[in-house]
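Novice: Following is a predicted model, sequence given first.
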Amino acid sequence: MKRFLLTFLIFVNLININLFGQNSNVENRIIKIDYNKESGKLNTMFKECIGAGRANEGLRADWQQQLAMTKKECDFKYIRMHGLLSDDMAVYREDSKGNPEYNYQYIDALYDFILSIKMKPFVELGFMPSALASGKETIFWWKGNVTPPKDYKKWEDLIRNLTQHFKERYGDEEVKTWYFEVWNEPNLTPGFWTGTQAEYFKLYEYAARGIKSVNPAYKVGGPATAGAAWVPETIEFCIKNNVPLDFISTHTYGVKQGFLDEFGTTGTVLNKDESSISGDVINSRQQISNSAKPKLELHYTEWSSSYTPADPVHDSYHSAAYILQKLKQIGNAANSMSYWVFTDIFEEAGPRFTPFHGGFGLLNTQGIKKPAYFSYSFLNKLGETELQNKDTSSWGTKNSKGDVQLLFWDFTNTHPGDSMNNQTYYIKDLPSKPKGSIKIEVDGLQKGNYTLEIYKVGYKTNDAYADYLAMGKPSQLTKQQVETIKRKNDGALIASEKVRIDATGTLKKDIKINENDVFLLNLVRQ
């Protein structure tokens, strides 16, 4: 028995090293790739979808400008947001006789823009229009109604009519590529849903039947839960009741204690467990594989280091390496990982009063790029073919031009643990410690001249929050201050050098790295 236990523990440790290793012994870290040794097409689940706060915010000019830039530089395919059916989108009302009246002019303006920049909506169906709601309970500053419908048939009719409108406006072939997700985090009661699980499943069933009545090929799914909950139950319900289900969606965040803290007053602690985030995703995939619908797509329609828009970890340079580490650990387990969210133009707790306040966004309200933004812009610079690579904190790729890309990082969770909240720790100046050098070796290259381009994000490099701290944390930024911070944090090359590859076909390079540094090397053939 003891020998079995020892063997089991060794096996578990090996799994942890392979899946979740942080390459802590950087002094001996070698990243070796070969141009001719491919592992297949690069999995780009990381840029399938991105989140945004609520639909009405998408009517703002600055929101649209920021999304257009983010699309261009990060190339997200879909965007998901709350509040499509809330009263500020003017979708539903009833006449004096109780007959429904529908209006989609605001939705049209938003979706027309999204499609114009070559993105697609990941349609979240929520919250309840007040004229259709059974109660008055709401969530957030903008008062999204979280009660079940007073009439489920009218709910189904609304969803059918909206779906038919999409079909008529955008065409069958376009809408077939969309995803329809029913509600948001119904397991957080009374926060996002005042009903029971059974009532959510009823809401889902009526919505799904409304969508499928327009076109059976349209994709519908859920349960959009917090904390990776209700996955087996949703599948079981849909099979038992012959309800359509095309994908599973759920959420996960990387902090301990609670799930909903819109004002950030509780205090959060970044989880020290190396399998946080990734462990949930891998488990959800396993639950699907073990179910009667083992081929269902899995979409994590929200994820981030923290679930509150008042957590300075979102502004910190630590987030860049954190994001990459989690995405690498997840691998092929999810079809998409939708980071929550792309911009701090986000009003769940009301309009924010300072330019850096721990908001979820990759960009702050003024469109300043945070370190987290560069995780995605660097990922988008990778080539379409992945190269074989044993290092657990890097990607090696090549593109059709013959260029080679190597994205690598050090992820070190420096948070002191339960003794201190994120809200106290990440507002400090946190210099990164040296972690030695990484030996880079790229083999199989053709002889000739190349340019080696080097990009970086880390402490005081593409680290807008550090510049904000150096300015004394002004409560408002002048136009000049915004331009200064943007200019210093634009993701430009930090170095470029000419390289001659000889007959050996090998490039060798030593890179000094600090805690939570992220590097992108792009070897461009001349």
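Specialist: Received, thanks.

Novice: and Leu42, what does it touch?
Specialist: For Leu42, the contact set (CB atoms under 8 Å, 6 or more residues apart in numbering) comprises Leu382, Gly383, Glu384, Thr385, Glu386, Trp395, Thr397. C-beta coordinates here come from the backbone N, C-alpha and C atoms, glycine included.

Novice: Any figure for the gap between the residue in the chain sticking out farthest from the centre and Asn161?
Specialist: Residue farthest from the centre of the chain, counting by CA atoms, centre = their mean, is Lys97 at 44.1 Å. The gap separating Lys97 from Asn161 is 18 Å, by CB to CB, to the nearest Å.

Novice: dump the residue contacts of Asp108.
Specialist: Counting by CB under 8 Å, 6+ apart, Asp108 makes contact with Arg169.

Novice: Secondary structure element holding Lys326?
Specialist: Under the criterion of DSSP states H and E, Lys326 resides in helix 318-330.

Novice: Please name every helix or strand in contact with that helix.
Specialist: Packing partners of helix 318-330 (3 or more CB pairs under 8 Å, 6 or more residues apart in numbering; DSSP states H and E): helix 278-289, strand 336-339, helix 371-379, strand 404-409, strand 518-525.

Novice: Next, the angle from that helix to strand 518-525.
Specialist: 70 degrees (axes from the mean of the first three to the mean of the last three CA atoms, to 10 degrees).

Novice: CA atoms only: put helix 318-330 into PDB for me.
Specialist: This file holds the C-alpha atoms of helix 318-330, laid out as PDB (Å, rounded to 0.1, in the frame of the first residue of the first chain):
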ATOM      1  CA  HIS A 318       2.100  40.300 -13.600                       C
ATOM      2  CA  SER A 319      -1.100  39.700 -15.700                       C
ATOM      3  CA  ALA A 320       0.800  39.400 -19.000                       C
ATOM      4  CA  ALA A 321       2.700  36.200 -18.000                       C
ATOM      5  CA  TYR A 322      -0.300  35.000 -16.000                       C
ATOM      6  CA  ILE A 323      -2.600  35.000 -19.100                       C
ATOM      7  CA  LEU A 324      -0.100  33.200 -21.200                       C
ATOM      8  CA  GLN A 325       0.600  30.600 -18.600                       C
ATOM      9  CA  LYS A 326      -3.000  29.700 -18.200                       C
ATOM     10  CA  LEU A 327      -3.700  29.600 -21.900                       C
ATOM     11  CA  LYS A 328      -0.700  27.300 -22.400                       C
ATOM     12  CA  GLN A 329      -1.900  25.000 -19.600                       C
ATOM     13  CA  ILE A 330      -5.400  24.700 -21.100                       C
END
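
Novice: Please point out which parts of that helix sit buried.
Specialist: 318-330 (16 or more other CB atoms under 10 Å).

Novice: Following the chain onward from the worst-scoring helix or strand of the chain on mean pLDDT, which element is next?
Specialist: Among the secondary structure pieces of the chain, namely its helices and strands, helix 2-20 has the lowest mean (mean pLDDT, DSSP states H and E), a mean of 37. Downstream of helix 2-20, the first helix or strand assigned by DSSP H and E is strand 30-34.

Novice: any low-confidence regions in this structure?
Specialist: Where the chain drops to pLDDT under 70, the residues are 1-27, 257-265.

Novice: what's across from the residue most central in space within it in the sheet?
Specialist: Residue closest to the average C-alpha location in the chain (CA atoms, centre = their mean): Tyr339, at 1.3 Å. In this structure, Tyr339 bridges to Ile50, Trp303 when assessed by DSSP bridges.

Novice: who touches it in this structure?
Specialist: With CB under 8 Å, 6+ apart as the criterion, the residues that contact Tyr339 are Ile50, Gly51, Trp303, Ser304, Ile323, Leu362, Ala372, Tyr376.

Novice: For Arg93, grab the count of nearby residues.
Specialist: Counted with other CB atoms under 10 Å, residues neighbouring Arg93 total 15.

Novice: you'd agree it is in a helix?
Specialist: No - under DSSP: H, G, I helix; E, B strand; the rest coil, Arg93 falls outside any helix and is assigned strand.

Novice: Tell me the bridge partners for it.
Specialist: Glu101.

Novice: quick one: it and Gln105, what's the gap?
Specialist: For Arg93 relative to Gln105 (CB to CB), the value is 13 Å.

Novice: cool, and Pro232?
Specialist: To Gln105, Pro232 is 41 Å away according to CB to CB.

Novice: same thing with Ala226?
Specialist: Ala226 sits 32 Å away from Gln105, going by CB to CB.

Novice: Over to Gln366?
Specialist: Using CB to CB, Gln366 is found at 29 Å from Gln105.

Novice: and what of Lys370?
Specialist: According to CB to CB, Lys370 and Gln105 sit 34 Å apart.

Novice: Between these two, which has more neighbouring residues?
Specialist: Between Lys370 and Gln105, counting by other CB under 10 Å, Lys370 is the more crowded of the two (26 against 10).

Novice: Which residues are in contact with the more buried one?
Specialist: His314, Asp315, Ser319, Gly361, Leu362, Leu363, Asn364, Ala464, Tyr465 are the contacts of Lys370 under CB under 8 Å, 6+ apart.

Novice: Give the helix, strand or coil label for the last one.
Specialist: Right, Tyr465. helix.

Novice: Which residue is the nearest non-sequential neighbour of it?
Specialist: In this structure, Tyr465 finds its nearest non-sequential neighbour in Asp315, 4.3 Å apart by CB to CB, 6 or more residues apart in numbering.

Novice: My understanding was that the one you found contacts Phe360; is that so?
Specialist: No - using CB atoms under 8 Å, Asp315 is not in contact with Phe360, being 10.2 Å away.

Novice: Glu386 pairs with what?
Specialist: Here Glu386, judged by DSSP bridges, has bridge partners Gly40, Thr397.

Novice: Return the residues in contact with it.
Specialist: Going by CB under 8 Å, 6+ apart, Glu386 touches Glu38, Ser39, Gly40, Lys41, Leu42, Asn43, Trp395, Gly396, Thr397.

Novice: that older thread, quick one, which of the contacts of Leu42 are buried?
Specialist: Buried among those (16+ other CB under 10 Å): Leu382, Gly383, Thr385, Glu386, Trp395, Thr397.

Novice: Surely the second one is in contact with Leu407?
Specialist: No - in this structure, Gly383 is not within contact of Leu407 by CB under 8 Å, at 10.4 Å.

Novice: Overlap in contacts, these two.
Specialist: Common contact partners of Gly383 and Leu407 (CB under 8 Å, 6+ apart): Thr397.

Novice: That concludes my questions; thank you for your assistance.
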